[in-house]
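1. could you look at this predicted model? Sequence included:
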Amino acid sequence: MLRFVLRRLLLAIPVLFGIIFVVFALARLIPGDPCRAQLGERATAAVCNDFIHRFGLDQPIPVQFGIYVGQLAHGDLGTSLKFGRPVTDLIIERLPVTVELTLVALLFATVLGILLGVVSASRRNSAVDVVTMFGANIGVSIPVFVLGLVLAWFFAVVLRGTPFALPPSGRLSSGISEIPLTEVWGLTGMQGPLRVLADFVSHMTIFNALLTGQWGPLGDALRHMILPAVALGTIPLAIIARMTRSSLLDVMGLDYIRTARAKGLTERLVVLRHGLRNALLPVVTIIGLQLGGLLSGAVLTETIFNLSGVGRTVTEAITGRDYVVIQGLTIVIAVGYLLINLIVDVSYAYLDPRIRLS
Amino acid sequence: MSISELREPRRRVGTTGERLLDVRGLRTSFTTRDGVVRAVDGIDFHVNRGEILGLVGESGCGKSVTSLSILRLIAPPGRIEAGELIFDGRDLLKLDSRQMRELRGNRISMIFQQPTSSLNPVFSVGRQLEEVLELHRNMKRRAARDRAAELMRMVGIPDPVRRLDAFPHALSGGMAQRVMIAMALACEPELLIADEPTTALDVTTQEQIIDLLQEMQAEFNLSIILITHDLGVVARVANSILVMYAGRPAEFGEADDIFYRCSHPYTRGLLDSVDYGAYRPGEHLHPIAGVPPRLDQLPPGCAFHPRCLYAEPICRDSVPEFGRVPSGHTVAACHPALAGRLNLHRAGAHASGAREL
């Protein structure tokens, strides 16, 4: 298993180089001038020359690329043209928002999707099945921005004042704040990668509250997460439910299911122990693939629900020609995607011994 | 080699003769888009303790449906319509689903045609064996594992302790079938239903599996329903034989009666169409002409009459009753008058037999 993981990691290196190159090239291909985008249309030529020189944008592009790769090798993602802050800081601050949103959405989609899929498959053609699959077909065809706006309108406007109202924006209600876990645990003096990790986690409101036992803010953070997570998770939920259902139905017709029944197992055990584990193999692949979709969906969701995650940051960076931020965030997202694929492959090997051995 | 050479006198163990399973008027049907299809349409037979019943017939004649019906594993749209399945004095069709589950894999177990795909690919074979023991014997994991290794050794799997951790895809077909047999025998059942256990295996492995089944049968005083279309195997091991055609019984009786005194033209045809292992110059096989009818398009009267060399007008009009013939076994009584003569005509006699009618 270790060798399998190592081999996959080695294979990721050329992919990563490809990504860096393409992202760098694409960012430079965006028409427009970073100086005028940042400083405004009326910036003088002298000011712009100075700006461009300061950020090294007057160098030939291959040289810029060389410098950039050199910086990356040192773990330096550069400094934002717009904010004048290191991109790494921006990432530590904003990526957690997206990661948290994606994780909650994926958890919602996976748990509920598999549950609905199993129920539909085991009560095939029943009312439950028909309703679920009808809902799944609708869910898969509603764009994120439509669902997001409808949810926000319904829960924040129509239900305002009722106990079912949910906040449509931000991560915590005004007046409520969380103490970052770095402070709670007295890590403020710490430096290095562990500190980076601690800061990263402390920016995820739900996990931060959970880890430090701040139950009041936890409830508030969860309430703020419901609408965006549902908006973002509905499409994957529908896909996972349909996939689980059809895959489980396929598996339930196989020989070893008959064997399991002939052993005298209860139908519940036959489905959950012998059927589901086999049926989940294709579902795991789908879940991994959905993550790519979730990241792009996160851009829309973050805009609608006013969350400052990487999705929104990337959009802002593109409009502002903030090359460095575009590059840095895209590379981080790509690395995340590679890691997720690795995790999917590993879990695949865990679920199916036939892959483990070959 | 002739049939009589194949049939060695069988060593009988335990209380034979006592009826273990009595199937009466079993009828199983499947609802399809084109209507109801009777896959099994009223069959009667019984299995005695410690005996092997050979269940023979062409593909699609209802052998597998019969066996799955006994375990009540017919899944919708299939349905057992009528009949009694008296197992050890109790009608299986009257048991609730919990009582039925307690019997499955415990007192009645089953092995299948495709051993490799009958094992779950994501669990080690040890785990799958332990599962039965944990379920019916309330064994703890550790004890179940020891017992599983013992069972693997018993069915002739070399290096059983190490093989417990093997996954089904790493086993050959023969080994997988041995694992299936070990799993089926884990709780020392009284009845084993073997649904074409050797069909998917190569010839030498087939022999070994049949030998193993016989050995296990003697060891546990097991009753076996051996479903096969290999008459050579049936001749070698079966005590009694049920011949099925198009969901109906053609003939049922002691193996000797079927082989030497068969009364049904279909049985005769089956016996004549088998190559008993030796080719003699000038001797030809006599396959039964035609193919079995589709179950949703059965011919009227006796389903076999379009292929029967002895068919008479009455065969088209009425379904033959299933009754006793003088030799003591039961048969679909289409031509009781022929009973004696069928056996006089060996291979090649069909044509003249037909002419006499």
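-> Yep, it's here. Numbering: from 1, shown residues only, chains lettered A, B, ... in the order given.
2. how does the chain divide into domains?
-> All of this is about chain A. Taking automatic domain parsing as the reference, chain A has its domains at A:2-73, A:87-178+A:214-351.
3. switch to chain B, that's the one I care about
-> Per the record, chain B has its domains at B:3-238, B:242-356, by automatic domain parsing.
4. most neighbours per residue, which of those?
-> Highest mean neighbour count of the domains of chain B: domain B:3-238, a mean of 19 (counted as mean count of other CB atoms under 10 Å in any protein chain shown). All C-beta atoms are positioned from the backbone trio N, CA, C, and that covers glycine.
5. now do that one: distance to the chain's middle.
-> Domain B:3-238 sits 9 Å away from the centroid of its parent chain (CA atoms, centre = their mean, to the nearest Å).
6. any idea how far chain B is from residue A:93?
-> Distance of residue A:93 to chain B, given as CB to the nearest CB, to the nearest Å: 42 Å.
7. was I right to think that residue contacts residue A:203?
-> Yes - between residue A:93 and residue A:203 there is a contact at 6.0 Å, judged by CB atoms under 8 Å.
8. any idea which helix is longest in the chain?
-> Since you didn't name a chain, this refers to chain A. The longest helix of chain A (DSSP state H) is helix A:215-252.
9. that was the other one, I meant chain B.
-> helix B:203-220.
10. by contact count, what packs against that one?
-> In terms of contacts (3 or more CB pairs under 8 Å, 6 or more residues apart in numbering or on different chains; DSSP states H and E), helix B:203-220 is packed against helix B:173-185, strand B:191-195, strand B:223-228, helix B:231-237.
11. that helix vs helix B:173-185, what angle?
-> 20 degrees (axes from the mean of the first three to the mean of the last three CA atoms, to 10 degrees).
12. residues touching helix B:203-220, excluding its own?
-> Helix B:203-220 has contacts (CB atoms under 8 Å, 6 or more residues apart in numbering or on different chains) with B:11, B:13, B:50, B:52, B:155-156, B:172-174, B:177-178, B:181, B:185, B:188-189, B:192, B:194, B:197-198, B:201, B:222-224, B:226, B:230, B:233, B:236-237.
13. hmm, back to that, mean pLDDT for the domains of chain B: which is lowest?
-> Lowest mean pLDDT of the domains of chain B: domain B:242-356, a mean of 66.
14. quick one: secondary structure of the nearest residue to residue B:168 once chain neighbours are set aside?
-> Leaving aside its sequence neighbours, residue B:168 sits nearest to residue B:119 (CB to CB, 6 or more residues apart in numbering or on different chains; 3.8 Å). Following DSSP: H, G, I helix; E, B strand; the rest coil, we place residue B:119 in the coil state.
15. is it true that residue A:77 lies in a strand?
-> No - judged by three-state DSSP, residue A:77 forms no part of a strand; its state is coil.
16. can I assume it is in contact with residue A:324?
-> Yes - Residue A:77 lies in contact with residue A:324 (CB under 8 Å); the separation is 7.2 Å.
17. remind me which helix or strand the most far-flung residue of chain B relative to its centre belongs to.
-> What lies farthest from the middle of chain B is residue B:142; by CA atoms, centre = their mean that is 35.5 Å. Assessed by DSSP states H and E, residue B:142 sits inside helix B:141-154.
18. which bits of the stretch 1-150 of chain B sit near chain A?
-> Contact residues (CB under 8 Å from any CB of the partner chain) of the stretch 1-150 of chain B with chain A: B:71, B:73, B:101-106, B:109-110, B:112, B:114, B:117-122, B:124, B:131-132, B:135-136.
19. which of those residues fall within helices?
-> If you go by DSSP H, the residues of the stretch 1-150 of chain B next to chain A have B:101-103, B:131-132, B:135-136 in helices.
20. farthest-separated two in those?
-> By the measure CB to CB, B:103 and B:131 form the most distant pair in these, at 16.6 Å.
21. which SS class is the residue nearest to residue B:102 when sequence neighbours are not counted?
-> The shortest distance from residue B:102 to any residue other than its chain neighbours is 6.5 Å, reached at residue A:264 (CB to CB, 6+ apart). State at residue A:264, reduced to three classes by three-state DSSP: coil.
22. neighbours around residue A:264, how many?
-> Residue A:264 is flanked by 24 other residues according to other CB atoms under 10 Å in any protein chain shown.
23. mind checking how far it is from residue B:65?
-> Residue A:264 is 20 Å from residue B:65, where distance means CB to CB, to the nearest Å.
24. same question for residue B:34.
-> Per CB to CB, residue B:34 is found 18 Å from residue B:65.
25. can you check residue B:184 too?
-> Here residue B:184 is placed at a distance of 19 Å from residue B:65 (CB to CB).
26. can you report how many residues lie near residue A:260?
-> 24.
27. give the contact list for it.
-> Residues in contact with residue A:260 (CB under 8 Å, 6+ apart) are A:269-270, A:273-274, B:120.
28. torsion angles phi and psi at residue B:198?
-> Note on residue B:198: its backbone torsions stand at phi -120, psi 0 [degrees, to the nearest 10].
29. chain neighbours aside, what residue packs nearest to it?
-> With CB to CB, 6+ apart as the criterion, residue B:198 has its nearest non-adjacent residue at 3.9 Å, and that residue is residue B:206.
30. how near is the one you found to chain A?
-> Relative to chain A, and taking CB to the nearest CB, residue B:206 is found at 19 Å.
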